[in-house]
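Engineer: Here is a sequence together with a model predicted from it:
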Amino acid sequence: MNTTTVVPPAPRRKRRRSGLGIYQDRTGRWHLDLIIAGLRRHRSYGHISFEEAKARAKVDGAAFRMERLTGVSATPAVVDITVAAALGRYAREAFTTLRPATQQLYHKLIKPLREHLGDCRLSALSAFDVERYKRLRTTPAPGRQGTGQVMCNRELTLLSAVIRACREWKLTTRTDNPVRAVKRFKESKGRDRVVTYEEETALLARLPEPHRTLTQLALETGLRLQSEGVPLTWADVDLDKARLHIKASDAKSGKERWLPLGEDMVSRLRAMKATSTSPLIFAGPRGGPLTHFKTTYRRAVRAAGLAGTGLNVHCLRHTWASRLTESSGDLLLVQKLGGWSSLLLVQRYAHLRAGRDVAAIRAMLEARESHRQSHSATTVVPLKG
């Protein structure tokens, strides 16, 4: 009886290129590995073409040989840090100039970048690595949900800013930005969900205080709820003059503005101030900043039977802008009170004033016709004599 011997396959070896000292590993990355006068030198090039790896190897190989023979470094010493170290450096250096809400968002974006790309050298990071990260973050897997495409775009934007900053700080040898070669997901041009008055009543009825008053304030003033509403202090409100002050440090445009308040809102704030022990208008249970507002808001949306209708927090500001445009027809006023940096950002509401445009043209024509009639009635025709 014949027996067959199964021979295990030989282990996969590195694919070397003779004469240059470069090879491609199992993941497709190119490396330079040289031994010059007993001293081994290694450098990683990442996922690049063979021609590019060969060109880099010639330059680096000549520099290493010159350094070994003369004892003088032929190339300036450059720090080559990992993606994790670059993210940490960027957080320490660049986050200090950002608004608190933006800092909180960026810290949230850093976590998945550090988890998936943290061990990779910044100089070896390729567009292929970024594309693979993009696919991994948006594809659901067993026991893990995929990240939304919009959030993934924000993560890639942050990574691109980190690489750009590290190039300026001379922390990497690379001169390109691999994130720019990766196509982003398409995003919606605008969120056009407007809260109806019936939905507003149902939603406010299911929100606890101070979330209810904060939501009503957003609907009446158009402030950005998370970055401009939550940090408000009693020093920012003038109840006698019925106006609210948005500090430049909290405003997205970096410019302060004053927002008028209605009589009902002034009465509510007076009642809250009489019992408040915190400098914050909308304080948490222990007097600190109000946290987890979006969680409470989503819970109230579900309780009001509005789940699945797209009624998110941003809809409050969009609803305010839509209502103000319909009632006033003045886009400049909407831009001023809403704190938009450009009139182009409020052009999306221009269609809401179509009825007022027609009325304005009609009033102009009626004024002209009235002037003509009054002029003709008072004109004196000379008699022929």
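Structural biologist: That came in fine, so what should we check first?

Engineer: Tell me the spacing between Lys336 and Glu199.
Structural biologist: For Lys336, the distance to Glu199 (Cβ to Cβ, to the nearest Å) stands at 27 Å. (Each C-beta comes from the backbone N, C-alpha and C, glycine too.)

Engineer: More neighbours: which of those two?
Structural biologist: More crowded of Lys336 and Glu199, by other Cβ atoms under 10 Å: Glu199, with 19 against 14.

Engineer: Can you classify the residue nearest the centre of the chain as helix, strand or coil?
Structural biologist: Residue closest to the average C-alpha location in the chain (Cα atoms, centre = their mean): Arg154, at 5.4 Å. Following DSSP: H, G, I helix; E, B strand; the rest coil, Arg154 is assigned to helix.

Engineer: which regions of the stretch 51-200 of the chain lie under the pLDDT threshold?
Structural biologist: For the stretch 51-200 of the chain, applying pLDDT under 70 flags the ranges 71-79, 141-147, 189-192.

Engineer: now the helices for the stretch 151-300 of the chain?
Structural biologist: For the stretch 151-300 of the chain, the helices defined by DSSP state H, counting those that start in this stretch cover 197-205, 211-221, 263-275, 293-303.

Engineer: what's the spacing between Cys315 and Arg193?
Structural biologist: 5 Å.

Engineer: Which one's more surrounded, the two?
Structural biologist: Using other Cβ under 10 Å as the criterion, Cys315 and Arg193 rank with Cys315 on top: 21 against 15.

Engineer: now that one: how far from Gln24?
Structural biologist: Applying Cβ to Cβ, the value for Cys315 to Gln24 is 51 Å.

Engineer: With Glu209 instead?
Structural biologist: 63 Å.

Engineer: Quick check, pLDDT for the residue lying closest to Trp340 once chain neighbours are set aside.
Structural biologist: Leaving aside its chain neighbours, Trp340 sits nearest to Val346 (5.5 Å; criterion: Cβ to Cβ, 6 or more residues apart in numbering). What the model reports as pLDDT for Val346 is 86.

Engineer: Val346 falls within a helix, correct?
Structural biologist: Yes - when three-state DSSP is applied, Val346 is found to be in a helix.

Engineer: For it, list the residues it contacts.
Structural biologist: Shown in contact with Val346 (Cβ atoms under 8 Å, 6 or more residues apart in numbering): 321, 325, 331, 334-335, 338, 340.

Engineer: Leu219 now?
Structural biologist: 195, 200, 316, 319-320.

Engineer: How many residues are close by the nearest residue to Ile281 once chain neighbours are set aside?
Structural biologist: Leaving aside its chain neighbours, Ile281 sits nearest to Leu232 (4.6 Å; criterion: Cβ to Cβ, 6+ apart). By the criterion of other Cβ under 10 Å, Leu232 has 23 neighbours.

Engineer: Could you double-check that Leu232 lies in contact with Ser278?
Structural biologist: No - if you go by Cβ atoms under 8 Å, Leu232 and Ser278 don't touch, sitting 11.3 Å apart.

Engineer: what's the burial count for Arg184?
Structural biologist: 14.

Engineer: Next, work out how far apart it and Ala304 are.
Structural biologist: With Cβ to Cβ as the criterion, Arg184 and Ala304 are 34 Å apart.

Engineer: same question, Leu223
Structural biologist: 22 Å.

Engineer: So these two - more neighbours on which side?
Structural biologist: Neighbour count, other Cβ under 10 Å: between Leu223 and Ala304, Leu223 has more, with 27 against 20.

Engineer: Check whether that one really touches Gly229, as I assumed.
Structural biologist: Yes - contact criterion Cβ under 8 Å: Leu223 and Gly229 qualify, at 5.1 Å.

Engineer: thinking again about what came up before, identify the farthest-apart pair in the contacts of Val346.
Structural biologist: Thr325 and Trp340 (12.4 Å; Cβ to Cβ).

Engineer: Isn't Leu203 up against Gly305?
Structural biologist: No - distance between Leu203 and Gly305: 10.0 Å, which falls outside the contact criterion (Cβ under 8 Å).

Engineer: the more surrounded of those two?
Structural biologist: Leu203 (22 against 11).

Engineer: Which stretches in the stretch 1-150 of the chain count as strands?
Structural biologist: For the stretch 1-150 of the chain, the strands defined by DSSP state E, counting those that start in this stretch cover 15-17, 22-24, 30-36, 39-46.

Engineer: how many other residues sit next to Glu110?
Structural biologist: Careful, residue 110 is Ile and not Glu. Applying other Cβ under 10 Å, we find 21 other residues in the vicinity of Ile110.

Engineer: Glu228 now?
Structural biologist: When counting by other Cβ under 10 Å, one arrives at 25 neighbours for Glu228.
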